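Trainee: sequence and predicted structure, then a few things I'm wondering about:
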Amino acid sequence: MPRARLGSRLGFILLSAGCAIGIGNVWRFPYMAGQNGGAIFVVIYLICLAALGIPAMTMEFAMGRAAQKSIVKLYDEIEPKKSKWHIHGKVCFAGNVILMMFYTTVAGWMLYYFVKMIKGDFVAASSEAVGEQFGNMLSNPGPMILFVGIVVAMGFFVCAGGVAERLEVVTKWMMIALMAIMVILVINSFRMDGAAEGLKFFLVPSVEKVKEAGLAKVVLGALNQSFFTLSIGMGSMAIFGSYIGKQRSLLGESVNVAVLDTIIAIASGLIIFPTCFSYGVEVSSGPSLIFVTLPNIFANMPGGRIWGAMFFLFMSFAALSTVFAVFENIISCTLDITKLSRKKACIIDGILMFLLSLPCVLGFNVWSKFEPFAEGSGIMDLEDFIVSNLILPIGCIIFIIFCTSKYGWGWKKFLEEANEGRGLKIAKWLRPYMAYVMPVIIAIVLIVGLINFDFG
C-alpha cells in the first residue's frame, strides 16, 4: 500500500502545530510568564525553544521522513541490523495511547463548557455556583462519558476519511478558525478597563520577579516549558514527517511549527490577563483558571455568554487539534502492525480508545479513592506523570542519541535527511552540541521534574 501523503506544505505545518498546540499553552505558559519575570521569561523561553525544542523536533521529522513508517515500525527501517532501538518504538506507541487516555477527558471538558456557555448556564451565576458546576461535572460521570465519546467519535471519523482527503482539510479549517477567534478575543481583551495592568503583569520585564523566584528556577521553568510544549519524545511529530516529500529541509519546518505554537501561547496570555485584571480576579494556573476563574468573569461580563462561548470554542479547537493528530499516529501504528484497512482500524481503535478513556473519567468520582500520589491525586495525574515526566523526556534523549551516535542512525544520515530540500540547514559543527549538550539538558529537566514532583 503506498504511503499516505499530505496535500500541501501548509497542511503539514498546521497539522504539526495542531499536535503541539494544546491546553498547556493556555493554562500553563501565560501563568509561568507572569510569575517569572514577564518578558524576561518569554525571552529565555524563546532561547530554550530555539536551542532545544526546534532541534529535537527536526530529529523526529527526519526519522519519520526517512523511515516512511509510524513510530512503532520506524526504527525497523533505519536502525543498524541486530540492534534493539525498535523496542523504544513500542514504548512511544504506548505513550501516545496513554496521552489520549486522559487528554480525551480534557477535550471533553472543553466541549461540555462550550455547550454550557451557549445554553447560558453561567449567566448571572454567583461565584459559588460557577465553582460548584465544575465540581458537579467531575462528580457526575454521565456527561463526561458522553463528551469523551463525542471527542473520540469526532477524532476517528476525521481520521477515517484519509490523511489528505479529510484530516488535513478539517485541521486546516479548524486551525484557521482557532486563529481567527483568537484575534477577536485578543482585541476584545485589549478594550477592557484593566487591560494595561494585565499586559504589564504578563509582558513587561520584571527583574524583581526573577529575583523573587530565583534565576535558576526561572531558567529551568523556561527549559521545561520549551521542551514539553512541542510534545517531542514519543513520535507524535515523526508521523507527519513520514507524510511529506523532500522539497523542504526540516529545520525550517520545525521553526514554523514552533513559531505558531508560541504565537498561540502568547495570545492566550493576551486574552487571559487583561480579562482577569479588569475584573480584579487573581490569576491562577491549571483547570481552575479555565473552568472556575474565567467562567466567573464571563458570568458578570456584558455579552459574557457570547465571549465565553467563543473562548471555549477556541479551547475546544486547541484540544481537538491535538486529539486528531495523536489519533492519526495511533491509527498509523495500527495500520503498520495489522495491515487492516484504514476504516476498520479506526473502528477498532475508536472502541478501544473510548474504553481506555473511562478510567480517567471514573477517577474523579467512582474510583476517586484511588490516589496514586499525594492526597487528592487521581488516575489522570498518574497517566499524565507517565507521559510528561517519563516517556517524553526519556524518549527525547533516546531520539537524540539515535540520530547522533554511530551505534544508532548516525549523524551523517540524519544530517542528509534533515537538510534535503530548500530552506534552513543544520550545520555540521552542531554535532557536539546536539550529541552531548542537549541530552544533558533534557536529563536535568527530567531529574528536576522528578525531584519536584509531589509523590505524597
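Mentor: It's in.
Trainee: distance of Arg9 relative to Leu15?
Mentor: 11 Å (C-beta to C-beta, to the nearest Å). Any C-beta I mention is one placed from the backbone N, CA and C, and that applies to glycine too.
Trainee: same thing with Ala299?
Mentor: In terms of C-beta to C-beta, Ala299 sits 36 Å off from Leu15.
Trainee: between the two, who's got more neighbours?
Mentor: Just comparing Ala299 and Leu15: by other C-beta atoms under 10 Å the higher neighbour count belongs to Leu15, 27 against 21.
Trainee: next, the buried residues of the stretch of helix or strand that one belongs to.
Mentor: Per DSSP states H and E, Leu15 falls inside helix 9-20. Buried residues in helix 9-20, defined by neighbour count with 16 or more other C-beta atoms under 10 Å: Gly11, Phe12, Ile13, Leu14, Leu15, Ser16, Ala17, Gly18, Cys19, Ala20.
Trainee: the second one contacts Gly245, correct?
Mentor: No: contact between Phe12 and Gly245 fails when scored by C-beta atoms under 8 Å: they sit 9.4 Å apart.
Trainee: counting contacts, what elements does the lowest-mean-pLDDT helix or strand in the chain pack onto?
Mentor: Every helix and strand of the chain was ranked by mean pLDDT, DSSP states H and E. The lowest is helix 23-27, at a mean of 76. Counting contacts by 3 or more C-beta pairs under 8 Å, 6 or more residues apart in numbering; DSSP states H and E, helix 23-27 packs against helix 250-278, helix 304-338.
Trainee: mind putting those helices into CSV with mean neighbour count, distance to Asn36 and mean pLDDT?
Mentor: Output for those, formatted as CSV (neighbours: other C-beta atoms under 10 Å; distance: least, C-beta to C-beta, whole Å; pLDDT from 0 to 100):
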stretch, mean neighbour count, distance to Asn36, mean pLDDT
helix 250-278, 23, 12, 91
helix 304-338, 23, 23, 93
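Trainee: JSON lines for those helices, including distance to Leu52?
Mentor: Below are the helices and strands packed on helix 23-27 laid out as JSON lines (distance: least, C-beta to C-beta, whole Å):
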{"stretch": "helix 250-278", "distance to Leu52": "10"}
{"stretch": "helix 304-338", "distance to Leu52": "20"}
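Trainee: out of those helices, which comes closest to Glu128?
Mentor: Taking C-beta to C-beta, helix 304-338 is the member of the helices and strands packed on helix 23-27 nearest to Glu128, at 17.3 Å.
Trainee: any idea which helix or strand comes after that closest one?
Mentor: helix 342-362.
Trainee: by how many degrees do that next one and helix 304-338 diverge?
Mentor: 120 degrees (axes from the mean of the first three to the mean of the last three C-alpha atoms, to 10 degrees).
Trainee: list the buried residues for helix 342-362?
Mentor: 342, 345-346, 349-350, 353-354, 356-362.
Trainee: nearest to Gly378, of the residues you listed?
Mentor: Cys360 (8.1 Å).
Trainee: for the protein, what spans make up the strands?
Mentor: Using DSSP state E, no strands are found in the chain.
Trainee: give me the residue ranges of it where confidence is low.
Mentor: 1-2, 285 (pLDDT under 70).
Trainee: of the buried residues of helix 342-362, closest to Asn419?
Mentor: Among the buried residues of helix 342-362, and counting by C-beta to C-beta, the member closest to Asn419 is Arg342, at 32.2 Å.
Trainee: pretty sure the closest one contacts Glu328?
Mentor: No: between Arg342 and Glu328 there is no contact under C-beta under 8 Å: 10.3 Å.
Trainee: quick one: list the elements packing against the helix holding Leu15.
Mentor: helix 168-190, helix 238-241, helix 250-278, helix 304-338.
Trainee: for Phe156, which non-adjacent residue is spatially closest?
Mentor: Gly350 (3.9 Å; C-beta to C-beta, 6 or more residues apart in numbering).
Trainee: if anything else comes up later, I'll come back, but that's it for now.
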